[in-house]
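A.B. asks: Sequence plus the predicted model coming up.
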Amino acid sequence: MKLGYTVWTWLSDEHNAFCHAPDPKAAFEQALREISYLGYQTVENFNWFADYYMDDPQELVDLCRRYGLEFVCLYHYLTPDYASDKAKGLEYCRFAQQIGAPYINLQMNGWREPPWDRPTDPEAITICAEKTMEIAKMAHDHGLKLCAHPHANTPVYAMEQIDLFLEKTDPALVDLCLDTAHITLSGGNAVEAFDRYFDRLAYVHLKDVAPSAPLRPEEKPMRRFRALGQGVVDFLGVYQVLQSRGYDGVVCVELDYQKVCNFESAQFSRAYLKNVLGI
């Protein structure tokens, strides 16, 4: 397994509507410097990050090599404007191919809008599956693996929704990026999910979920996300499934909201991985 970290949070200010850093390239290099120091091996970032290096992809490749890191994944997501999603998807697939990143993650639309709890909507899942297949074909044409990411407050979130989504997508084109925190937040069991969906699993997100957290009514449930070991996720059980089933891909740590700062979160999670899981 390759141990990675998602570094978009260095480039976005969670306390200011997630606006981008004044100097995104400097923020990205800071992220590389810090996670390399902590012993992570790979990097993932959101799709918009590619815009800063679109004119010179080699600059990004050289920067990652300077810190001994591999850029492995761009995270794309659907919006209400699918025509734009599709056009950007093609652009980002080309960019990922240029920098040698093998994965494109894809999140469904709707995560910004309440209500936070929604019933399963087969029609919405079917639409998501159709859109995912189109972008997956683009990824395949560029030698990439597309990993659909079940995500809170989207049509593909809870395990019954994932089941239906997988039925409607081609396993030759669409894999999964399972996220321990989103599965847990949906009411699912992370260990059970990783075992059930292992045959479609190509990429992993690791983050924890606090057992309870005082949230204002307008706050998103994702505010409960925590660094590894600060919540209720059974990471040892998840890791045992990955080991026993022979997973040899990326396990990528992520945290949307920091209790202190990005480095502190990454350091805490790295210590947990080493001291508890032995990786």
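C.D. replies: Happy to help now that I have it. Residues are numbered from 1 along each chain as shown.
A.B. asks: that's a strand at Phe28, yeah?
C.D. replies: No. Applying DSSP: H, G, I helix; E, B strand; the rest coil, one finds Phe28 to be helix, outside a strand.
A.B. asks: need the contact list for it.
C.D. replies: Residues near Phe28 by C-beta atoms under 8 Å, 6 or more residues apart in numbering: 7, 10-11, 45, 49, 52, 63. All C-beta spots, glycine's among them, are computed from the backbone N, C-alpha and C.
A.B. asks: Just the ones of those in helices?
C.D. replies: Members of the contacts of Phe28 lying in helices (criterion: DSSP state H): Leu63.
A.B. asks: can the contacts of Phe28 go into JSON lines with extra columns for distance to Ile125?
C.D. replies: Listed next are the contacts of Phe28 as JSON lines, based on distance: C-beta to C-beta, whole Å:
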{"residue": "Val7", "distance to Ile125": "31"}
{"residue": "Trp10", "distance to Ile125": "33"}
{"residue": "Leu11", "distance to Ile125": "31"}
{"residue": "Asn45", "distance to Ile125": "27"}
{"residue": "Phe49", "distance to Ile125": "28"}
{"residue": "Tyr52", "distance to Ile125": "34"}
{"residue": "Leu63", "distance to Ile125": "39"}
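A.B. asks: Closest one of the contacts of Phe28 to Leu144?
C.D. replies: Proximity of the contacts of Phe28 to Leu144 (C-beta to C-beta) peaks at Asn45, which lies at 15.1 Å.
A.B. asks: pretty sure that closest one contacts Leu69?
C.D. replies: No. Asn45 is beyond contact range of Leu69, at 11.6 Å (criterion: C-beta atoms under 8 Å).
A.B. asks: Who are the contact partners of Thr105?
C.D. replies: Actually, residue 105 is Asn rather than Thr. By C-beta under 8 Å, 6+ apart, the residues touching Asn105 are 44, 73-76, 146-149, 177, 203.
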